[in-house]
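# Next input, structure requested:
(chains A and B)
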Number of protein chains: 2
Amino acid sequence: MKLKLIVSFFLLTAGFAAFSQGKQTAPGVEKGLIKVSVMYPYAEGKTFNMEYYETKHMPMVAGFLGANLVKYTIEKGLSSGIPNQPLPFMAIGTFYVKSLSDYQAAIAPNRDAIRADFPNYTNISPVILVSEVVK
Amino acid sequence: MKLKLIVSFFLLTAGFAAFSQGKQTAPGVEKGLIKVSVMYPYAEGKTFNMEYYETKHMPMVAGFLGANLVKYTIEKGLSSGIPNQPLPFMAIGTFYVKSLSDYQAAIAPNRDAIRADFPNYTNISPVILVSEVVK
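Numbers count the residues shown, from 1 in each chain, chains lettered A, B, ... in the order given. Take a look at the predicted model:
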């Protein structure tokens, strides 16, 4: 009887551990977050060094953002999804943050360092979209 | 002694349950996936009904994609991240798929139905970016 009780306790614990673990990383956790997407439009003669961007530039900027940064992503443009149209963007880097004002406050004192790094990987002037995750 | 053994077994099971649960939803699982981003540029006079898009249009298109679709996201454009520049996009809907050719094969027979639904939520002609998740 005592053994059964102890075993039940550990089964219950296992269940809770699995449940809470699942909740922490559940999908949909991004809803309501702010995305800052730095988008590099494609045009003839434009260049983009993805290796430098992934290993140097993005980690540097991410390092300025502290606990406000939930995650960041990088995507490489492949083609337009509409036939006979040019590639819209060569690359997009996106910061998912909790607060836009905290993001702006963290970037402001580092703006010169960020801009000075641009020529190390691209000759494109990016477009920046601030958006909210709906789903 | 026997009790200790059984208790150890359940502790171990709890540990594995938590570990495997964590792995299933680990970050970085999206690397290598193809993103098809349908981007709605902002301009004066352009309209976008987010509620219809979220509850009707996107679920309809997602329904055509089957097991190739890993997830889809919706974001609402708020502002340009560069002062004095207009909002780049009013909204972006993104399908994360395993295979671009399977995506195209699934969309082709439904293109007319998808296009016919556009006027129900927007008067914008979208730009479509096909990209690869680098990070």
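
# from here on, contacts and neighbour counts on C-alpha atoms
Fine.

# In space, not sequence, find me the middle residue of chain A.
Centroid check for chain A by C-alpha atoms, centre = their mean gives A:Tyr72 as the closest residue, at 1.8 Å.

# so what's that one closest to, chain neighbours aside?
Using C-alpha to C-alpha, 6 or more residues apart in numbering or on different chains and skipping the chain neighbours, the partner closest in space to A:Tyr72 is A:Phe95 (4.5 Å).

# quick check, the one you found in a strand?
Yes. The assignment for A:Phe95 by DSSP: H, G, I helix; E, B strand; the rest coil puts it in a strand.

# in the sheet, who's paired with it?
With DSSP bridges as the criterion, A:Phe95 is bridged to A:Val36, A:Tyr72.

# how many other residues sit next to it?
Other residues within reach of A:Phe95, judged by other C-alpha atoms under 10 Å in any protein chain shown, total 24.

# do the same with A:Pro119
When neighbours are counted by other C-alpha under 10 Å, A:Pro119 comes out with 11.

# Please determine how far it is located from chain B.
19 Å (C-alpha to the nearest C-alpha, to the nearest Å).

# does that residue count as helix, strand or coil?
Assignment for A:Pro119 (three-state DSSP): helix.

# Check what pLDDT it gets.
A:Pro119 carries a pLDDT value of 98.

# got a list of what it touches?
Listed by C-alpha atoms under 8 Å, 6 or more residues apart in numbering or on different chains, the contact set of A:Pro119 is empty.

# quick one: it from A:Met90, how far?
Distance, A:Pro119 to A:Met90, by C-alpha to C-alpha, to the nearest Å: 15 Å.

# So what's the residue count around the residue lying closest to A:Phe64 once chain neighbours are set aside?
Nearest residue to A:Phe64, sequence neighbours excluded (C-alpha to C-alpha, 6+ apart): A:Ala106, at 6.1 Å. A:Ala106 is flanked by 17 other residues according to other C-alpha under 10 Å.
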